[in-house]
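1. output the structure for:
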Amino acid sequence: MRGMVTRLQQGDVDGPGEAPRVLAGRGVGSGMERSGRLGRMSWGTKMFLTQAVLLAASIITAGLVASIIGPGLFHDHLLLIAQEPSSGEFQHIERAFIDAGVASLAVGLMVALVLAIVLSWYDTKRLRQPLDQLTLAARRVSAGDFAARVPATGFSSELEAVGKAFNGMARRLAATEETRRRLLADVSHEVRTPIATLTALLEAVADDITPWNVETQNLLMLQAERLQRIARDLDAVSRAEEGRLALVLEAADMHELVDRAVATARSRYRVKGVALEQCADRLAVVVDPQRVDQVLGNLLDNALRHTPPGGRVRINGTQHGATTVVTVTDTGDGLTADQLDQIFERFYRADAARDRDAAGAGIGLTISRSLAIAHGGSLTAASAGPGQGSTFTLTLPPGPRHSSS
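-> As a prediction, the model looks like this:
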């Protein structure tokens with residue numbers, strides 16, 4: 001007894017209240033371990049095991065129902081043919097029926113179970129293949145490989161739809177990454193030149209190599225303006241994509257808006273030798289005139305930039321139903337299918353070989369589309385192919401729209 005008391009004092013034996021807690025803890029731990037093991041199983045394995053359990057339960061249920069109902073029905077039928085229940089022949093027939101029924105039912109159900117398990121395994125394996133391919137492609141994309149694609153398997157329309165959606169997402173991510181790289185290259189190139197010029201001029205002035213005069217001051221101002229232009233471009237794109245473009249809506253005449261845009265661009269077209277034609281009906285619209293001027297100016301500048309001397313650009317303004325439609329059509333370079341998909345992306349330029357001053361900053365069309373959407377309309381592009389010219393279509397809905405800020 002004294003030894004037991006000593007062991008209790010030393011903690012070798014748990015008190016009466018400790019044992020339930022230990023057992024409960026072990027039970028919880030075992031449950032968590034089983035849950036962890038199940039969680040580590042693949043989805044295909046879980047699905048296969050679930051189907052196998054369901055098949056086994058179905059077969060056991062069928063066997064129990066047959067063993068309960070079958071002998072009673074057979075016994076009633078024997079009574080109908082006037083057999084004596086106590087005769088040996090009667091009992092032999094019943095035993096033969098039960099033995100034959102159990103044997104045939106067992107063999108049939110086992111064959112059905114084996115075939116069902118094999119088919120379930122095959123179906124699960126086929127289903128895992130596209131899922132594994134999707135998982136692998138997702139891991140590649142998360143690692144930065146935006147060229148990863150999910151091949152078509154033809155297993156089901158649902159998985160095909162998921163694969164197409166994933167491939168579309170991967171293409172957009174690849175385009176976004178390319179645009180980001182191009183943006184960094186453009187900004188780096190644009191910033192490097194004025195900063196280098198500013199640094200050289202300031203060092204020359206500090207060393208008394210170049211005198212501080214009006215010409216030096218104008219050179220410094222010119223480089224500072226280039227840096228300000230880059231900052232304005234980045235801010236304009238950010239505001240456009242975030243929907244922070246303010247609109248001051250008022251009633252206007254689309255004919256007058258087109259006239260004003262054509263008059264502003266006419267001299268530039270004349271210098272390059274490109275014909276500019278217009279045909280706009282007098283259509284009452286509720287828009288922000290300055291923003292629509294900006295959209296039309298961007299479209300005319302884009303058409304002039306991509307139309308060679310001797311070409312022609314035409315701007316039309318018509319009404320389709322209650323919608324006002326303005327089209328700008330040129331006979332210039334045209335666009336490929338890939339270019340049409342990216343033409344409205346920020347800092348995208350259809351001809352990457354051109355310098356920035358000749359090809360533009362690549363944000364005019366991005367801002368123009370955002371302005372069209374802010375008005376409740378749209379801006380789309382179409383082209384028959386390279387060298388076939390292109391058409392940009394601006395649609396504006398009727399009635400006043402709420403301004404965005």
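2. what packs against the helix or strand harbouring residue 114?
-> If you go by DSSP states H and E, residue 114 is part of helix 88-142. Contact here means 3 or more CB pairs under 8 Å, 6 or more residues apart in numbering; DSSP states H and E; on that basis helix 88-142 packs against helix 43-80, helix 157-206. In this view, the C-beta of every residue, glycine as well, is placed from N, C-alpha and C.
3. now the first one: average pLDDT?
-> Averaging pLDDT along helix 43-80 yields 71.
4. so where's the stretch 251-400 of the chain uncertain?
-> 346-362, 399-400 (pLDDT under 70).
5. quick one: the helices in it, in order.
-> Here the stretch 251-400 of the chain has its helices, by DSSP state H, counting those that start in this stretch, at 254-272, 289-305, 337-342, 356-359, 364-374.
6. of those helices, which is nearest residue 119?
-> When the helices of the stretch 251-400 of the chain are compared for distance to residue 119 using CB to CB, the nearest one is helix 337-342, at 43.4 Å.
7. can you list the helices and strands packed on helix 88-142 in TSV and add distance to residue 114 and mean neighbour count?
-> What follows is the helices and strands packed on helix 88-142, written out as TSV (distance: least, CB to CB, whole Å; neighbours: other CB atoms under 10 Å):
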stretch	distance to residue 114	mean neighbour count
helix 43-80	10	13
helix 157-206	28	14
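8. would you mind giving those helices as JSON lines with distance to residue 132 added?
-> Below are the helices and strands packed on helix 88-142 laid out as JSON lines (distance: least, CB to CB, whole Å):
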{"stretch": "helix 43-80", "distance to residue 132": "9"}
{"stretch": "helix 157-206", "distance to residue 132": "12"}
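9. who touches residue 307 in this structure?
-> The neighbourhood of residue 307, defined by CB atoms under 8 Å, 6 or more residues apart in numbering, consists of 274, 313, 330-333, 389.
10. how near is it to residue 390?
-> Distance, residue 307 to residue 390, using CB to CB, to the nearest Å: 9 Å.
11. identify the contacts common to these two.
-> What both residue 307 and residue 390 touch, as defined by CB under 8 Å, 6+ apart, is the set 330, 332-333.
12. closest to residue 111 among those?
-> Among those, and counting by CB to CB, the member closest to residue 111 is residue 333, at 70.2 Å.
13. and for that closest one, the neighbour number?
-> Neighbour count of residue 333, defined by other CB atoms under 10 Å: 20.
14. just read off the phi/psi values of it.
-> With angles defined as degrees, to the nearest 10, residue 333 sits at phi -60, psi -30.
15. and the residue lying closest to it once chain neighbours are set aside, how far from residue 343?
-> Excluding its sequence neighbours, the residue lying closest to residue 333 (CB to CB, 6 or more residues apart in numbering) is residue 306, at 4.4 Å. To residue 343, residue 306 is 11 Å away according to CB to CB.
16. please apply the same query to residue 114.
-> 60 Å.
17. the two: who's more crowded?
-> residue 343 (21 against 11).
18. tell me how far the more buried one lies from residue 365.
-> Residue 343 is 6 Å from residue 365, by CB to CB.
19. overlap of the contact sets of the two?
-> Joint contacts of residue 343 and residue 365 (CB under 8 Å, 6+ apart) are residue 381.
20. avg pLDDT for the helix holding residue 114?
-> 77.
21. tell me the angle it makes with helix 157-206.
-> 10 degrees (axes from the mean of the first three to the mean of the last three CA atoms, to 10 degrees).
22. mind putting the shared contacts of residue 307 and residue 390 in CSV, distance to residue 144 included?
-> Formatted as CSV, the shared contacts of residue 307 and residue 390 follow (distance: CB to CB, whole Å):
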residue, distance to residue 144
330, 38
332, 37
333, 33
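23. any idea which of those residues is closest to residue 380?
-> Taking CB to CB as the measure, residue 380 sits nearest to residue 330 out of the shared contacts of residue 307 and residue 390, at 15.1 Å.
24. so what's that closest one up against?
-> So residue 330 contacts 303, 306-307, 311-314, 389-391 (CB under 8 Å, 6+ apart).
25. compare those and tell me which is most surrounded.
-> residue 303 (27 neighbours).
26. wait, what's in contact with that one?
-> 313, 328-330, 332, 390, 392.
27. mind redoing it with 6 Å?
-> 313, 328, 330 (CB atoms under 6 Å, 6 or more residues apart in numbering).
28. inside strands: which ones of these?
-> Under the assignment DSSP state E, the contacts of residue 303 contribute 313, 328, 330 to strands.
29. what's stretch 165-179 in contact with?
-> Taking CB under 6 Å, 6+ apart as the rule, stretch 165-179 contacts 141, 146, 149-150, 342, 345, 347.
30. which one of those sits closest to residue 233?
-> Nearest to residue 233 among these, with distances taken as CB to CB, is residue 347, at 8.4 Å.
31. burial of residue 372, as a residue count?
-> Applying other CB under 10 Å, I find that residue 372 has 21 neighbouring residues.
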